[in-house]
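Engineer: Provided below are the primary sequence and the corresponding predicted coordinates.
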Amino acid sequence: MAAAGGWNLAGGQQQRRRRRGKAGEEAVEGGAVLRRLQEARDDLLSSGFWAASAGAVRAPLADCAEPPAHCVCYGLGRFSGCPAARHQLAFLLLLLEELRVPPERCALFDPAFTAREAAVLEQLGLRLLPENEEGKHGVEGSATLFYMVHCGKALYNNLLWSNWSTGALSKMVIIGNSFRGIEERLLSRVLERDYSYIAKVLKGTEEVALPTHPRYLDTFNDTSVHWFPLQKLKGLSPEVWNFVEEPMYQDCEDLEIILKEDRAKWHSLAATES
């Protein structure tokens with residue numbers, strides 16, 4: 001007996017077996033990633049690193065008008081194969097628990113995610129952003145945590161530009177590369193030319209570094225919690241708020257960001273590696 005479309009029964013059985021086999025392999029691989037993620041969580045807890053970090057995470061809550069209700073994560077990386085990225089994801093999940101942010105209110109994007117990793121994130125209840133925002137995500141009136149460990153400077157700059165007002169910035173908490181460190185490492189003229197929004201917000205920023213731990217020197221090095229108290233922002237010069245031109249980075253060397261036009265390349269790479 002022939003099936004619809006001309007497939008015969010034997011062929012259909014073979015196709016179903018192949019589909020079941022692939023689904024089974026993906027389930028096994030996804031389960032292995034989840035087990036390694038649980039191990040990373042246990043490491044963070046048993047090492048004392050999370051307990052020491054929780055104080056830095058709680059610090060902005062006293063200054064913020066309201067605790068974060070949403071979370072956005074950029075640049076997590078290939079956590080299925082990279083232990084550092086896996087520990088960063090485990091840290092994020094602990095953050096959501098600490099701040100009582102439901103997983104479905106946490107959205108992630110990284111062009112390097114494979115289909116398998118996307119499935120694992122969805123299994124955890126997290127959401128995937130549908131497109132590359134280049135960091136240009138507005139808080140839209142809701143207090144939001146941005147988790148951006150080891151992201152490029154342009155992503156932070158774009159994020160600040162997208163929320164360039166006292167009302168929006170005061171609703172943000174950013175966990176990522178130290179703004180003080182960025183200021184120290186860059187020539188002031190380069191910082192002001194290429195990353196002007198980081199430069200302008202420095203005097204309106206409070207920052208607490210995550211503690212150092214010998215086990216996580218590469219995973220969380222140069223990482224700080226940043227927030228923007230409303231009173232400090234109101235104390236900035238009025239001229240600071242007048243310039244709201246979108247960053248273009250035309251003269252910027254070594255731009256550390258994946259642009260929208262590069263998305264197809266990354267999706268093709270992720271598909272071949274999934």
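Structural biologist: Okay, I see it. Remember, predicted model here, so these are calculated numbers, not experimental data. Numbering: from 1, shown residues only.
Engineer: give me the distance between the closest residue to Gly48 other than its chain neighbours and Asp43.
Structural biologist: Leaving aside its sequence neighbours, Gly48 sits nearest to His213 (CB to CB, 6 or more residues apart in numbering; 7.6 Å). Backbone N, C-alpha and C define where each C-beta goes, glycine included. Separation of His213 from Asp43 (CB to CB, to the nearest Å): 10 Å.
Engineer: and what of Gly30?
Structural biologist: According to CB to CB, Gly30 and Asp43 sit 20 Å apart.
Engineer: for Arg36, same thing?
Structural biologist: For Arg36, the distance to Asp43 (CB to CB) stands at 10 Å.
Engineer: ends of stretch 215-235, what's the gap?
Structural biologist: 40 Å (CA to CA, to the nearest Å).
Engineer: cool, and stretch 238-249?
Structural biologist: Using CA to CA, the end-to-end distance of stretch 238-249 comes out at 25 Å.
Engineer: just the buried residues of that stretch, please?
Structural biologist: Under the neighbour-count criterion of 16 or more other CB atoms under 10 Å, stretch 238-249 has 240, 247, 249 buried.
Engineer: now, which of the residues you listed sits nearest His70?
Structural biologist: Nearest to His70, judged by CB to CB, of the buried residues of stretch 238-249 is Pro247 at 23.4 Å.
Engineer: what distance do you get for that closest one to Asp194?
Structural biologist: Counting by CB to CB - Pro247 and Asp194 are separated by 8 Å.
Engineer: now Ala115
Structural biologist: Distance of Ala115 to Asp194, computed by CB to CB: 35 Å.
Engineer: which strand or helix spans the residue nearest to Leu94 when sequence neighbours are not counted?
Structural biologist: Distances taken as CB to CB, 6+ apart put Trp50 closest to Leu94, at 5.6 Å, once the chain neighbours are dropped. Element membership of Trp50, judged by DSSP states H and E, is helix 49-58.
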